[in-house]
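Participant: mind looking at a prediction? Sequence and model below.
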Amino acid sequence: TIRLLASIVLKENVFVYGKKIYQQVLGGAMGSSFTLTLANIFMWKWQKELVRRQDMTCEYYGRYIDDVFMTWNKSENALKQILENANTWHPNIKLEYKIGKSLPFLDVLLTNINGTLSTSVYHKPAAEPYVVPFISDHPRHVFENIVQTSLRRAIKYSSTFQLFNDERRYIKSTFLYNGYPSSFIDKTFRKFFSDYISSRSFLPFLENEAQFIQMRIVLSGQPSRQQSQVEMRIATLTNDNDHLVEDLDKKEEFIIQENKKTNKLQNKLIIHYTHEKRFNTRKRDLHRIFQETFVNTPIMETKLIVGNTNHKNTMKELIQKRPRQEILKNKVKASIINETEKTVFQTLYCIDCFIHSR
């Protein structure tokens, strides 16, 4: 079944070009999650011989999808011979390699300085110094996050204090070029470095290498949220940690017994889609397919709910709420409002009386 589904995903890809429909006959669709998984599986099998040779000589080998980085301490001709040999392993895999003492890998520049690897942030020669402009319609915290993310990457990737300072100057120049006020950049810098610099410091950045090393160790040791979740799943699934699973089950049972609240969405399958004219029969079709597929199975106890959302029209998009009272300028006093209301009421009353008298 898995092979059949994989074959459908790979062989049933079509695209439109020049008002004609074409079918893709080689490879997978770009952006497909399955294509990425299959590419990793394929490269894992392809690289086995190369990894085995690197392990035998205690060399480093790393790969991210189709980008490979490896170290080599023998002659350059021997390395070229191995790489040229690797190009014959599969007709659709051709390596384009670069050999040198300073090479980029993804967004990191690695340099071999007398046997010591130095790292820094890599910027492609053709890359433009553009980020989200400060005049764009984004919440203020978005701009702060962009600046702080650039600084965090600079600290993690820079192996020396000097390389970090070079990248910090590049970051500030880039944001100034995109319309960010200098005061906003300095304030964000100071907020980012607040735990490592003195509050009385005149300059909003790290002052010495000791502060840089301390901050780099802290940031490098912090796993991301996704890494933490993966590590937690691995820990709870290993045989050595069965007691953790039991404790987790007991906690879940205790929470369920404590809450004693029925889940309104239990035994319900809810599907939402954006309504379009071509989807007029979508609800009926989904219910029919659900009935035909799961008839005489326990899944039929699940209630299928199909709903649709409408595109927001222009009027709803342009409607805005009234600003808060405290930010409104030229506030009108209550006494003036009362006098105005009395005048309007008297005017309407006179008009009404005049109409009745006529």
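Facilitator: Here it is on my side, so go on. These figures come from a predicted structure and were not determined experimentally. Numbers count the residues shown, from 1 in each chain.
Participant: now do the regular element (helix or strand) spanning Gln291, average pLDDT.
Facilitator: Taking DSSP states H and E as the definition, one finds Gln291 inside helix 282-294. Averaging pLDDT along helix 282-294 yields 84.
Participant: okay, buried residues for it please.
Facilitator: Lys283, Phe290 (16 or more other C-beta atoms under 10 Å). The way it works is simple: take the backbone N, C-alpha and C, and place the C-beta from them, glycine included.
Participant: convert the C-alpha atoms of stretch 205-225 to PDB, please.
Facilitator: Extracted as PDB, the C-alpha positions of stretch 205-225 are listed here (Å, rounded to 0.1, in the frame of the first residue of the first chain):
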ATOM      1  CA  PHE A 205      26.200  45.900  22.700                       C
ATOM      2  CA  LEU A 206      28.800  43.500  24.200                       C
ATOM      3  CA  GLU A 207      32.000  45.100  25.300                       C
ATOM      4  CA  ASN A 208      34.500  42.300  25.600                       C
ATOM      5  CA  GLU A 209      35.100  38.700  24.600                       C
ATOM      6  CA  ALA A 210      34.200  37.300  28.000                       C
ATOM      7  CA  GLN A 211      30.600  38.600  27.600                       C
ATOM      8  CA  PHE A 212      30.500  37.200  24.100                       C
ATOM      9  CA  ILE A 213      31.700  33.700  25.100                       C
ATOM     10  CA  GLN A 214      29.300  33.600  28.000                       C
ATOM     11  CA  MET A 215      26.300  34.600  25.900                       C
ATOM     12  CA  ARG A 216      27.300  32.200  23.100                       C
ATOM     13  CA  ILE A 217      27.500  29.300  25.500                       C
ATOM     14  CA  VAL A 218      24.000  30.000  26.800                       C
ATOM     15  CA  LEU A 219      22.400  30.500  23.400                       C
ATOM     16  CA  SER A 220      24.100  27.400  21.900                       C
ATOM     17  CA  GLY A 221      23.000  25.200  24.800                       C
ATOM     18  CA  GLN A 222      19.300  26.100  24.500                       C
ATOM     19  CA  PRO A 223      17.400  23.600  22.300                       C
ATOM     20  CA  SER A 224      14.600  24.800  20.200                       C
ATOM     21  CA  ARG A 225      11.000  24.000  21.000                       C
END
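Participant: now for the helix holding Gln291, which elements pack on it?
Facilitator: Counting contacts by 3 or more C-beta pairs under 8 Å, 6 or more residues apart in numbering; DSSP states H and E, helix 282-294 is packed against strand 303-309.
Participant: which residues sit against the strand it packs on?
Facilitator: Here strand 303-309 makes contact (C-beta atoms under 8 Å, 6 or more residues apart in numbering) with 267-275, 279, 282-283, 286-287, 290.
Participant: please redo it, this time with the cut-off set to 10 Å
Facilitator: 265-276, 279, 282-287, 289-291, 294 (C-beta atoms under 10 Å, 6 or more residues apart in numbering).
Participant: please apply the same query to stretch 53-60.
Facilitator: 47, 51, 61-62, 69-74, 82, 86, 117.
Participant: in the chain, which spans are helices?
Facilitator: For the chain, helices defined by DSSP state H occupy the ranges 2-11, 33-46, 48-56, 76-86, 140-157, 161-177, 182-192, 209-220, 225-237, 242-259, 282-294, 314-318, 334-357.
Participant: hey, what's the angle from the helix holding Gln291 to strand 303-309? Just curious.
Facilitator: 150 degrees (axes from the mean of the first three to the mean of the last three C-alpha atoms, to 10 degrees).
Participant: what lies in contact with helix 282-294?
Facilitator: Contacts for helix 282-294 (C-beta under 10 Å, 6+ apart): 269, 271, 273, 275-276, 279, 281, 299-302, 304-308.
Participant: now, of the residues you listed, which are buried?
Facilitator: Taking 16+ other C-beta under 10 Å as the criterion, what is buried in the contacts of helix 282-294 is Leu304, Val306.
Participant: widest-spaced pair of the contacts of helix 282-294?
Facilitator: Greatest spatial distance among the contacts of helix 282-294 (C-beta to C-beta): Glu276 and Glu301, at 31.4 Å.
Participant: for stretch 172-189, measure first residue to last.
Facilitator: Length of stretch 172-189, first residue to last, C-alpha to C-alpha, to the nearest Å: 10 Å.
Participant: how far does that stretch sit from the chain's center?
Facilitator: Centroid displacement of stretch 172-189 relative to its chain, using C-alpha atoms, centre = their mean, to the nearest Å, is 23 Å.
Participant: same thing with stretch 83-99?
Facilitator: Distance, centroid of stretch 83-99 to centroid of chain: 32 Å (C-alpha atoms, centre = their mean).
Participant: do stretch 277-287 as well
Facilitator: For stretch 277-287 - counting by C-alpha atoms, centre = their mean - the centre lies 32 Å from the chain centre.
Participant: contacts only, for Gly179.
Facilitator: By C-beta under 10 Å, 6+ apart, the contact set of Gly179 is Val131, Val132, Pro133, Phe134, Ile135, Ser136.
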